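Participant: coords please:
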Amino acid sequence: MSMLSRTLRLISTLIAYLAFGLVGASFALILPFALRRLPEGLAGQRRARRIVARIWTGYLTAMRWGGIYRVTWHGRERLGRPGQLILVNHPSLMDVLFMISAVPEGNCVVKASLLTNPSMRPAIRACGYIPNDASLELIEKTAAVLAEGQTLILFPEGTRTGYDGIIRLNRGAVSIGLRGARVITPVIIRMTPPGLKRGDPWYKIPPRPYHYDIRVGDDIDPEDYLRRKPLPLAARLLNDDLTHYFQKETT
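Facilitator: As a prediction, this is how the structure comes out:
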């Protein structure tokens with residue numbers, strides 16, 4: 001990478017990080033006014049999700065124009081079906097934005113700590129996103145969301161994959177799918193070179209743009225597992241199968 005190219009991408013990356021904060025601030029300052037006329041309940045939440053998705057789509061487009069990343073999708077059209085649980089691995093900071101943009105009306109399980117962030121809290125509440133508080137109530141809420149026909153996006157690792165590349169899934173994620181999903185669809189995100197991990201400084205940029213290869217995997221019928229084993233054992237079996245699948249597809 002030439003010195004000029006590196007400098008330009010470094011500037012683009014700095015702008016992208018600053019813009020990320022500005023987008024969050026806009027949610028806190030502007031979103032409450034934009035959403036005042038929305039209907040209550042699920043209809044209003046879905047409209048709020050579309051607004052948020054359009055904003056993040058614009059942000060991703062600007063980052064792509066700035067030469068920060070490239071992305072290739074495979075099977076995107078199979079996302080967003082009623083009662084679909086989408087399980088996604090989590091290699092980087094941008095994964096959530098890709099998925100929200102791809103499934104604009106979808107619900108999403110988000111970190112509970114984001115509710116303490118004043119810039120993110122208004123969007124999370126307006127969209128009806130579900131905080132991950134590691135409780136039985138979480139499983140009940142998500143199962144109900146799936147049962148009423150919403151699409152649910154969930155990152156079963158709970159945090160970004162480390163540089164060791166080892167996938168560790170939370171069994172609670174597959175329990176949610178077995179309790180309420182009509183179909184479970186894994187999504188594999190492969191990122192080269194690896195980066196944008198937790199704790200990475202903004203100025204740590206690779207010698208070339210990040211390339212995201214996002215592949216929608218084959219559907220899983222929850223009933224196939226529930227017919228073989230009772231729920232706790234079925235969850236363990238599915239968790240093992242998905243862990244192996246994600247590890248194989250991301251290595």
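
Participant: just the CA coordinates of the top strand by length along the chain, formatted as CSV?
Facilitator: Determined from DSSP state E, the single longest strand within the chain is strand 183-192. Output in CSV follows, covering the C-alpha atoms of strand 183-192 (Å, rounded to 0.1, in the frame of the first residue of the first chain):
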residue,chain,number,x,y,z
VAL,A,183,-37.0,-21.8,10.6
ILE,A,184,-33.4,-21.3,11.7
THR,A,185,-31.0,-19.8,9.1
PRO,A,186,-27.3,-19.5,9.8
VAL,A,187,-25.4,-16.7,8.1
ILE,A,188,-21.6,-16.9,7.7
ILE,A,189,-19.6,-13.7,7.6
ARG,A,190,-16.0,-14.1,6.4
MET,A,191,-13.8,-11.1,6.7
THR,A,192,-10.4,-10.7,5.1
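
Participant: helices or strands up against whichever helix or strand L138 is part of?
Facilitator: When elements are assigned from DSSP states H and E, L138 belongs to helix 136-147. Packed against helix 136-147 by the contact rule (3 or more Cβ pairs under 8 Å, 6 or more residues apart in numbering; DSSP states H and E) you find strand 107-111, strand 130-132, strand 152-154, helix 171-180. Backbone N, C-alpha and C define where each C-beta goes, glycine included.

Participant: and the third one, which strands flank it?
Facilitator: By that I understand strand 152-154. Strand pairing for strand 152-154, using DSSP bridges, gives strand 84-88 (parallel), strand 107-111 (parallel).

Participant: how about I220, nearest residue that isn't a chain neighbour?
Facilitator: I184 (4.2 Å; Cβ to Cβ, 6 or more residues apart in numbering).

Participant: next up, the contacts around that neighbour.
Facilitator: If you count contacts by Cβ atoms under 8 Å, 6 or more residues apart in numbering, I184 has them with 84-85, 87, 174, 177, 219-222, 238.
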